[in-house]
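J.: Provided below for reference: sequence and predicted model.
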Amino acid sequence: MEENIIQKIRNSKLRGRGGGNFETWIKWDLVKKSLEKDKYIICNGAEGELDVSKDGYILDNYLEDVVSGILIAINEVDAKKAYFYLRSDYYLKYKSALASLIKDKPIIIFEKPNIGYIGGEETTICEIIEGKSGMPRIKPPYLTEKGLFGCPTLINNIETFYCVNRISKDEYSGERFYSLSGDIKNKGVFVFQEDTSIEEILRRTDNYPSFDFFVQSGGGASGEFLLPEDISISVFGIGSIIVFNRQTTDIYSLIEKIMEFFHRGNCDKCVPCREGSFMIYEMAKNRKINHKKMEEIIYSLENSSFCALGKSIAIPLKSIFKKILKDGKNKI
């Protein structure tokens with residue numbers, strides 16, 4: 001007896017490629033087993049992280065494969081319809097090609113409003129598609145139980161649906177896409193096995209620096225900062241590696257860029273995220289970091305933020321102070 005697609009996904013050990021790293025098969029199985037009449041699929045193409053472009057690369061080169069992955073999901077979980085949720089520039093660029101591929105299939109192409117990073121958070125996406133303001137919901141209930149229009153909803157990243165299509169054809173072997181940028185000569189999107197170390201990726205793409213450097217891995221804003229001695233590990237989170245020249249990078253400017261991104265991209269719903277991101281942004285902008293205050297804000301973000309966006313702000317900040325500033329080479 002031929003194994004079904006959920007079993008194939010389980011055997012492949014595929015995890016979501018949008019940053020959450022959750023086992024893909026579990027989401028699919030929960031939605032499939034739901035007894036609710038109406039179910040929905042969302043393909044998340046918001047791709048909002050700074051300097052990350054792997055989903056755009058997939059849309060450029062494998063659009064049909066992504067659509068096929070969505071159709072597999074619709075059939076497998078018996079969904080009423082799917083929404084292909086795209087940030088504005090992707091929506092404008094691909095809507096015609098998508099319309100040609102979709103034709104009469106139950107997939108709606110939906111443009112993400114210009115509300116910043118929070119517009120890619122999964123519960124916020126449901127609110128937006130329902131015609132509400134871009135605010136996240138409290139979890140639980142999780143989307144697999146009560147998502148779009150109050151129905152069980154399967155949401156996965158563009159790359160995840162691409163991988164599902166390959167899994168269905170027995171063409172997947174654990175590879176993933178990596179967006180490489182920063183102070184390197186060969187910028188772009190590359191494919192390696194998911195257990196490939198950051199160091200090996202840099203060397204094999206001829207991007208390993210000859211100068212003192214550090215990297216941000218797993219996200220363009222929310223990723224963790226690592227030193228050369230730390231990069232024997234694989235990427236956790238979003239497939240992103242950004243290289244920084246340690247001697248020429250202004251740490252104040254780096255923190256300011258990250259915190260401006262989070263400040264402009266949050267929903268303003270909760271105080272830790274709204275006020276905390278602004279306060280750190282102002283510190284960096286004014287070139288005056290109050291370390292005690294910073295620690296208090298980070299603690300509040302980690303423990304009191306309403307959704308994952310606020311919690312993710314702590315990751316780059318903590319690693320900057322723990323790694324990049326620990327030996328005195330960079331000062332703030």
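T.: Yes, it's here. Numbers count the residues shown, from 1 in each chain.

J.: identify each buried residue in stretch 196-209, please.
T.: With burial defined by 16 or more other CB atoms under 10 Å, the residues of stretch 196-209 counted as buried are 196, 198-202, 205, 207-209. In short, each C-beta sits where N, CA and C put it, glycine included.

J.: show me where the stretch 101-250 of the chain has its helices.
T.: Remark: helices assigned in the stretch 101-250 of the chain by DSSP state H, counting those that start in this stretch are 122-129, 158-168, 198-204.

J.: looking at the ones you listed, which is buried most?
T.: Ranked by mean neighbour count, the helices of the stretch 101-250 of the chain are led by helix 158-168 with a mean of 25 (mean count of other CB atoms under 10 Å).

J.: and that helix, C-alpha only, in PDB?
T.: Only the C-alpha atoms of helix 158-168 are listed here, as PDB (Å, rounded to 0.1, in the frame of the first residue of the first chain):
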ATOM      1  CA  ILE A 158       6.300  29.100   0.500                       C
ATOM      2  CA  GLU A 159       9.400  27.000   0.900                       C
ATOM      3  CA  THR A 160       7.500  24.400   2.900                       C
ATOM      4  CA  PHE A 161       4.900  23.900   0.200                       C
ATOM      5  CA  TYR A 162       7.700  23.700  -2.400                       C
ATOM      6  CA  CYS A 163       9.300  20.900  -0.300                       C
ATOM      7  CA  VAL A 164       6.000  19.100   0.100                       C
ATOM      8  CA  ASN A 165       5.700  18.900  -3.700                       C
ATOM      9  CA  ARG A 166       9.200  17.400  -3.900                       C
ATOM     10  CA  ILE A 167       8.400  15.000  -1.200                       C
ATOM     11  CA  SER A 168       5.300  13.800  -3.000                       C
END
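
J.: biggest strand in this protein, by residue count?
T.: Taking DSSP state E as the criterion, the chain has its longest strand at strand 175-182.

J.: shaky segments in this protein?
T.: Low-confidence segments of the chain (pLDDT under 70): 1-2, 327-332.

J.: chain center to stretch 91-106, what's the gap?
T.: 23 Å (CA atoms, centre = their mean, to the nearest Å).

J.: same check on stretch 200-208?
T.: 23 Å.

J.: could you dump that stretch to CSV, C-alpha only?
T.: Extracted in CSV, the C-alpha atoms of stretch 200-208 (Å, rounded to 0.1, in the frame of the first residue of the first chain):
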residue,chain,number,x,y,z
GLU,A,200,30.8,25.1,5.3
ILE,A,201,28.1,27.1,3.5
LEU,A,202,30.4,30.2,3.5
ARG,A,203,33.4,28.2,2.3
ARG,A,204,31.5,26.3,-0.4
THR,A,205,30.0,29.5,-1.8
ASP,A,206,33.4,31.2,-1.7
ASN,A,207,32.2,33.6,0.9
TYR,A,208,34.3,32.8,3.9
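
J.: relative orientation of the helix ranked longest in the chain and helix 158-168 in degrees?
T.: The longest helix of the chain (DSSP state H) is helix 54-77. For helix 54-77 against helix 158-168, the angle by axes from the mean of the first three to the mean of the last three CA atoms, to 10 degrees is 50 degrees.

J.: roughly how far out does helix 54-77 sit from the chain middle?
T.: The answer for helix 54-77 is 16 Å, by CA atoms, centre = their mean.
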